[in-house]
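Undergrad: Got a sequence here, can you build the structure:
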Amino acid sequence: MNTLLVIINIIILFALVALLYSMQKKHVSFSKRVFTGLGLGIVLGIVIHLIYGTASDVTTKTIDWFSIVGSGYVKLLQMIVMPLVFISIVGAFTKVQLSKNLGKISFLGIGILLVTTGIAAAIGIGSALGFGLDGIELTAGDAENARNEALTENITMVQDLTIPQQILSFIPSNPFADLTGSRPTSTIAVVIFASFIGMAYLGVKRKKPEEADLFAKIINALYAITMRIVTLILRLTPYGVLALMTKVTATSDYAAIAKLGKFVIASYVAIILMFIVQLLLISLAKLSPVTYVKKALPTLTFAFTSRSSAGSLPINIKTQTDSFGVSEGVANFVGPFSLSIGQNGCAGIYPAMLAVMVAPTAGIDPFDPKFILTVIAVVVISSFGVAGVGGGATFASLIVLSVLNLPVAIVGLLISVEPLIDMGRTALNVSGSMTSGILTSKITGDLNKEVYNDHSKQDIVEV
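TA: Residues are numbered from 1 along each chain as shown. Coordinates of the predicted model:
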């Protein structure tokens, strides 16, 4: 009987996929198809949850099959992330405009990411204090205890990690291993390795222009092929969002979410406030925040459902260049860096909130201005090297709490609401990345305002 019910659920999913495909054939815009997939996923997931429950055998097997579409899509994007990071950075050095403004772009791009992370940390602290969040009130069940046991290894890894040691971990000793994503800091290591190749290219260009031109043509060809792969994968976005959202709504523990409701609300208040800050920064650059929201929504929707900043990189870069008019050099430079530096949600808001919540257990007054400034500074510095995948916020929190000599067990006590909050954090990370790219391109004079203001340039994937 259970097998029959699972088959029926799979048939329903295929019917919805067929509906989205028919919309594509009718040339319905990419944005509308993504939001249709999101809505259908929410409805289907809630129906599965209400009929079968979260822990039933039918739900488990159904979601297992659905993951072929949802998780499979995310894996395809993750497959292209490291090649894209590498080729984007090297390719950025071959762009004439970037070569002239390399130092300025590096300073602005990374600087904006770090400054916004500091602001995010301050907002996270304010939200935690405003809602009166207290880590003492949290209790540990079986799932929480199991999570804390699993975190023991990570705690050992970061507890005695000094800031100089953390900086050393960024430097690649084996770039080919880092291209496989073998370490939490692999992404920034690949960025550093690619940057060295780019700087070597600039040196060769001055002394042996013919060899440099050949290298540039090869890199540009590889970049074109890589971006074509990205386009092919992005065409699957509506189907991926449908399956991912179904999984979220079907398997969420709503009782646990209700129990930790105040923390969830406080987290999303902080996320929304930080998003408003990003829109204000765009307004200060004399660009329309409304246009930004409209064009960014499909990308942010995917980031929200996938919970992967790294998986969102291909669609992030394509949105910056095709929808916002950010130069390829800036988008290809800032995008990859944002995976490991200055993530507003995972490395900014979340660790700061946990630090404030757990401070009273260590006899620290969370309202102490000195403590607040210390938390913000530690959060900004620790935001380097945070992996842009699910679990990056946990890693960032362990580092921050360890540096501040605060209990780290609180990280495991929030496991039941972690997926729900991580969705908003990831969307904020990606929004911060795009904001940094737009502002950097605007300041350096590389932003194409006509493309930014052209609402026909809203779809990043041709239907």
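Undergrad: the bottom helix or strand of the protein by mean pLDDT?
TA: helix 142-159 (a mean of 50; mean pLDDT, DSSP states H and E).
Undergrad: Tell me where the stretch 1-150 of the chain has helices.
TA: Ranges of helices in the stretch 1-150 of the chain, per DSSP state H, counting those that start in this stretch, are 2-25, 30-52, 57-66, 70-94, 96-130, 142-159.
Undergrad: Kindly state which of the ones you listed is positioned closest to Met423.
TA: Nearest to Met423 among these is helix 30-52 (11.6 Å), distances taken as CB to CB. All C-beta atoms are positioned from the backbone trio N, CA, C, and that covers glycine.
Undergrad: the inter-axis angle of that closest one versus helix 2-25?
TA: Relative orientation of helix 30-52 versus helix 2-25 (axes from the mean of the first three to the mean of the last three CA atoms, to 10 degrees): 160 degrees.
Undergrad: Show me what helix 30-52 is packed up against.
TA: Packing partners of helix 30-52 (3 or more CB pairs under 8 Å, 6 or more residues apart in numbering; DSSP states H and E): helix 2-25, helix 57-66, helix 237-251, helix 289-306.
Undergrad: and of the helices of the stretch 1-150 of the chain, who's closest to Phe304?
TA: Short answer: helix 30-52, nearest of the helices of the stretch 1-150 of the chain by CB to CB, at 8.5 Å.
Undergrad: With mean neighbour count and distance to Leu404 added, can I get the helices of the stretch 1-150 of the chain in TSV?
TA: Output for the helices of the stretch 1-150 of the chain, formatted as TSV (neighbours: other CB atoms under 10 Å; distance: least, CB to CB, whole Å):
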stretch	mean neighbour count	distance to Leu404
helix 2-25	15	46
helix 30-52	19	38
helix 57-66	19	38
helix 70-94	21	31
helix 96-130	20	12
helix 142-159	14	12
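Undergrad: closest one to Leu406 among the ones you listed?
TA: Here helix 142-159 is closest among these (CB to CB), at 11.3 Å.
Undergrad: In this structure, where is pLDDT below threshold?
TA: 1, 96-100, 135-163, 166, 184, 256, 385-392, 411-413, 415-416, 457-463 (pLDDT under 70).
Undergrad: where's the residue minimising distance to the centre of it, which helix or strand?
TA: For the chain, Ser309 is the residue whose C-alpha lies nearest the centre (CA atoms, centre = their mean; 2.2 Å). For Ser309, there is no helix or strand it lies in under DSSP states H and E.
Undergrad: Do I have it right that it meets Ile341?
TA: No - counting by CB atoms under 8 Å, Ser309 stays clear of Ile341, with 11.2 Å between them.
Undergrad: Would you list the phi and psi of the residue nearest to the centre of the chain?
TA: Reported as degrees, to the nearest 10, the phi and psi values for Ser309 are phi -70, psi -40.
Undergrad: do you know how far it is from Ala347?
TA: To Ala347, Ser309 is 10 Å away according to CB to CB, to the nearest Å.
Undergrad: so who does the closest residue to Met423 other than its chain neighbours touch?
TA: Excluding its sequence neighbours, the residue lying closest to Met423 (CB to CB, 6 or more residues apart in numbering) is Phe304, at 4.8 Å. Applying CB atoms under 8 Å, 6 or more residues apart in numbering to Phe304 gives the contacts Met423, Gly424, Thr426, Ala427.
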